[in-house]
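# Sequence unavailable; structure follows:
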């Protein structure tokens with residue numbers, strides 16, 4: 001049975017171990033199609049490998065659903081019993097030759113957990129592949145020893161091998177949105193995605209345990225994340241969690257266990273290698289339990305191990321060793337300053353922010369200044385829902401903070417959440433840039449550009465004044481000392497991304513970046529003449545503006561490549577989208593469209609004017625017609641009656657369209673659709 005959701009299929013076979021309904025099958029559409037193709041025509045089958053818990057079994061089950069097949073599986077306790085995995089398919093006493101004869105007539109054979117097969121069963125699978133009369137789908141873990149006969153399936157090129165990567169964050173978010181009513185808010189999603197590293201069994205266990213123990217709380221019913229769940233505080237220590245962390249929990253040496261616990265309680269900071277006993281560290285490093293970076297900082301290698309060790313330590317030991325938020329003040333300011341420096345250098349590629357994330361995960365107050373900078377960094381990267389979440393964290397501490405309100409409004413407006421954006425800017429004339437994006441989100445792009453033009457003129461005047469002040473300052477014999485004092489102040493206090501920043505040179509840099517952002521907003525809205533000429537001449541933003549002003553499709557593509565390389569995914573998507581209209585070559589336009597769509601899908605629901613309607617070109621005429629009617633509010637039955645189609649056909653078209661559009665439900669459609677198409681249907 002299918003569900004109207006992007007790459008989501010809900011099945012209703014109960015899990016044999018838990019008697020609970022499985023989560024919807026989500027993502028992996030390319031892998032699903034690859035397995036199905038491997039079983040068509042005269043193809044012999046496929047081997048699917050991947051780490052424990054990555055969803056190998058579920059993937060192959062979905063790939064062969066509805067077909068006639070036999071199934072076998074390896075188990076840990078039967079590796080010494082010949083043909084143990086095939087006892088239900090073979091007589092008691094059988095030779096390998098006879099087993100091959102008996103199973104050669106099987107049309108399709110699924111072999112799960114092949115890394116646990118006994119030697120006879122592994123040899124049988126290998127011989128079936130050699131004879132080629134039985135199609136095989138073999139699943140094995142790649143983080144465990146595999147019998148030689150199984151490994152030779154792909155090393156001898158008897159079967160192709162599909163090595164599964166961990167489920168991407170976007171697909172993990174879609175999975176949780178389908179499995180958890182309301183979904184999880186971005187900071188909780190990031191936390192679980194980082195802890196589980198693609199282990200879907202662990203992910204489900206943690207979510208179920210958090211729900212059963214009341215560790216999840218619903219966010220207030222407002223904004224794009226209304227009704228979403230947030231998890232703060234310690235990790236639930238379930239049996240599955242203990243099993244995944246057994247390597248550190250069962251470490252026999254008391255010195256090793258003590259060192260591991262120290263590393264766990266030192267998080268989010270990391271002690272230096274010189275502060276620890278190297279004789280203890282060396283075996284831990286060789287076993288892959290710790291990581292030492294180039295600066296000598298020592299951390300636990302797996303992000304799950306720290307929370308597990310802390311949870312298992314006992315209340316009294318944890319009380320003695322646990323770090324408090326106040327202990328992280330200096331490190332948090334250093335982290336904030338580093339983020340600001342990267343924004344100033346126009347480099348927002350992914351960077352660790354362990355201190356801020358730890359505070360949020362623990363449910364501790366996050367200073368508004370840090371939260372605003374973290375929100376801005378996320379927004380510039382195109383992580384719009386995450387940006388809004390960080391801004392809300394700051395507003396918990398300081399409800400009227402201008403910087404956090406600005407970031408919340410900007411992120412909300414650029415995802416089409418006009419209600420949240422309006423609430424953030426109400427009564428705040430100082431948030432004019434955010435108000436401009438709110439106007440654009442409501443379709444008033446001209447009004448938004450007028451506001452941005454006024455802000456750009458004000459920025460020009462301010463820059464002239466600042467330049468004059470700089471000239472006067474340079475004449476002062478003590479200028480160098482004053483600037484050095486200013487830089488020291490910035491490093492000590494941490495610079496802020498909006499509003500009142502530090503004084504002197506750091507404040508000037510801050511203002512320059514903010515003014516450039518206003519000018520670049522006009523470029524993003526399609527009017528480079530209203531800001532592009534005053535952007536820094538050597539910047540990618542100026543090159544983007546110049547290419548757009550000249551209608552240079554290849555130039556826009558080059559700018560998009562630079563923006564993507566620097567981490568500005570949303571800006572890159574918008575540049576690609578603008579290139580679609582600028583290209584004279586239809587093939588180049590199609591390439592730009594495809595890349596723009598792929599980038600936009602990574603931007604957490606971005607709905608800016610440059611992207612509006614972009615992906616409709618990926619749909620068939622019938623899909624566009626049905627999507628337009630769905631966006632207008634018609635049910636599947638109403639659409640079927642209007643277009644003289646079956647309800648099933650309408651559902652299938654919508655399902656395919658969602659997969660192409662990156663939409664999870666009908667609520668995400670209106671911004672993509674030109675509604676007159678619906679009225680003319």
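Received it, and whenever you're ready, just let me know what you need. Predicted model, so just to flag it, every value in this text is computed and none were measured. Numbers count the residues shown, from 1 in each chain.

# just for the stretch 51-200 of the chain, where's the confidence low?
Of all residues in the stretch 51-200 of the chain, none has pLDDT under 70.

# As a check, name the ranges of all helices in it.
Secondary structure of the stretch 51-200 of the chain (DSSP state H, counting those that start in this stretch): helices at 56-63, 96-103, 119-131, 148-155, 169-179, 186-196, 200-212.

# Could you export these to a markdown table, including columns for distance to residue 74?
Where you see a C-beta, it was placed from the backbone N, CA and C, and this is true even at glycine. Formatted as a markdown table, those follow (distance: least, Cβ to Cβ, whole Å):
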| stretch | distance to residue 74 |
| --- | --- |
| helix 56-63 | 12 |
| helix 96-103 | 16 |
| helix 119-131 | 7 |
| helix 148-155 | 9 |
| helix 169-179 | 27 |
| helix 186-196 | 24 |
| helix 200-212 | 17 |
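
# between those, which gets nearest to residue 556?
Distance to residue 556, taken as Cβ to Cβ, is lowest for helix 169-179 among these, at 24.8 Å.

# Isn't residue 589 up against residue 576?
No: assessed by Cβ atoms under 8 Å, residue 589 is found out of contact with residue 576, at 10.3 Å.

# who's more crowded, the two?
residue 576 (30 against 17; other Cβ atoms under 10 Å).

# Tell me which residues of stretch 94-104 come out buried.
Across stretch 94-104, burial judged by 16 or more other Cβ atoms under 10 Å covers 94, 99, 100, 103.

# same check, this time on stretch 76-83
Under 16+ other Cβ under 10 Å, the buried positions of stretch 76-83 are 78, 79, 82, 83.

# and what of stretch 326-341?
Neighbour-count burial for stretch 326-341 [16+ other Cβ under 10 Å]: 328, 331, 332, 333, 335, 336, 337, 338, 339, 340.

# what's near enough to touch the second one?
When the contact criterion is Cβ atoms under 8 Å, 6 or more residues apart in numbering, the partners of residue 331 are 268, 269, 355.

# how about low-confidence regions in the stretch 351-500 of the chain?
462-500.

# Go again with 80.
For the stretch 351-500 of the chain, the stretches flagged by pLDDT under 80 are 459-500.

# can I see the domain layout of this structure?
According to automatic domain parsing, the chain comprises the domains 28-163, 245-323, 328-506, 614-679.

# pLDDT on the last one, on average?
Per-residue pLDDT over domain 614-679 has a mean of 71.

# for the second one, same thing?
Rounded to a whole number, the mean pLDDT of domain 245-323 is 91.

# Give me the distance between that domain and the centre of its chain.
Put simply, domain 245-323 sits 27 Å off its chain's centre (Cα atoms, centre = their mean, to the nearest Å).

# tell me which of the buried residues of stretch 94-104 is nearest to residue 382?
Closest approach to residue 382 among those (Cβ to Cβ): residue 103, at 51.2 Å.

# that older thread, which one of the helices of the stretch 51-200 of the chain lies closest to residue 392?
helix 186-196 (9.3 Å).

# orientation of that closest one relative to helix 200-212 in degrees?
Helix 186-196 and helix 200-212 are oriented at 130 degrees to each other (axes from the mean of the first three to the mean of the last three Cα atoms, to 10 degrees).

# what angle sits between helix 186-196 and helix 169-179?
110 degrees.

# Let me see the residues that make contact with helix 186-196.
Under Cβ under 8 Å, 6+ apart, the answer for helix 186-196 is 53, 169, 172-173, 176, 183-184, 202-203, 206-207, 225, 229-231, 235, 303-304, 307, 357, 360-361, 383, 385-386, 388-390, 393, 604.

# ok, of the residues you listed, which come out buried?
Among these, those classed as buried by 16+ other Cβ under 10 Å are 53, 169, 172-173, 176, 183-184, 202-203, 206-207, 225, 229-231, 235, 304, 307, 357, 360-361, 383, 385-386, 388-390, 393, 604.

# Strands - which of those residues land there?
229, 230, 231 (DSSP state E).

# circling back to that earlier point, the domains of the chain into CSV, with extra columns for distance to residue 218?
Shown next, in CSV, are the domains of the chain (distance: least, Cβ to Cβ, whole Å):
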stretch, distance to residue 218
domain 28-163, 28
domain 245-323, 23
domain 328-506, 14
domain 614-679, 18
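
# So which of these is nearest residue 562?
domain 328-506 (9.5 Å).

# mind listing the strands for the protein?
Using DSSP E, strands in the chain cover 8-9, 25-26, 45-50, 70-73, 108-112, 135-141, 161-163, 216-218, 229-231, 290-292, 298-300.

# any chance of these in TSV, plus distance to residue 239?
Output for the strands of the chain, formatted as TSV (distance: least, Cβ to Cβ, whole Å):
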stretch	distance to residue 239
strand 8-9	28
strand 25-26	25
strand 45-50	22
strand 70-73	21
strand 108-112	22
strand 135-141	19
strand 161-163	29
strand 216-218	19
strand 229-231	19
strand 290-292	25
strand 298-300	21
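
# what's the closest of those to residue 275?
Short answer: strand 298-300, nearest of those by Cβ to Cβ, at 8.4 Å.

# Skipping adjacent residues, who's closest to the residue nearest the centre of the chain in space?
The residue lying closest to the centre of the chain (Cα atoms, centre = their mean) is residue 169, at 3.3 Å. Nearest non-adjacent residue to residue 169, counting by Cβ to Cβ, 6 or more residues apart in numbering: residue 193, 5.3 Å away.

# Could you do residue 543 as well?
Residue nearest to residue 543 in three dimensions, not counting chain neighbours: residue 559, with 5.0 Å by Cβ to Cβ, 6+ apart.

# With residue 602 instead?
Excluding its sequence neighbours, the residue lying closest to residue 602 (Cβ to Cβ, 6+ apart) is residue 569, at 5.6 Å.

# Hmm, the one you found is touching residue 598, no?
No: using Cβ under 8 Å, residue 569 is not in contact with residue 598; the gap is 9.9 Å.

# Between these two, which is the more surrounded one?
Neighbour totals were compared for residue 569 and residue 598, and residue 569 leads with 24 against 13 (other Cβ under 10 Å).

# State the pLDDT value of the more buried one.
So, for residue 569, pLDDT stands at 97.

# Now do the same contact list for it.
Counting by Cβ under 8 Å, 6+ apart, residue 569 has contacts 381, 382, 563, 599, 602, 603.

# swap in residue 308?
Residue 308 touches 235, 237, 241, 242, 245, 248, 249, counting by Cβ under 8 Å, 6+ apart.

# Which of the residues you listed sits closest to residue 460?
residue 235 (51.5 Å).

# Do I have it right that that closest one meets residue 242?
No: between residue 235 and residue 242 there is no contact under Cβ under 8 Å: 11.2 Å.

# I'd say residue 114 and residue 138 touch.
Yes: with contacts counted by Cβ under 8 Å, residue 114 reaches residue 138, the gap being 5.0 Å.

# Give me the common contacts of the two.
In contact with both residue 114 and residue 138: 47, 125, 150, using Cβ under 8 Å, 6+ apart.

# Who are the contact partners of the nearest residue to residue 200 once chain neighbours are set aside?
If the residues on either side of it in the chain are set aside, residue 200 comes closest to residue 55, at 4.9 Å by Cβ to Cβ, 6+ apart. Taking Cβ under 8 Å, 6+ apart as the criterion, residue 55 is in contact with 28, 164, 167, 200.

# Please consider this matter closed, and thank you.
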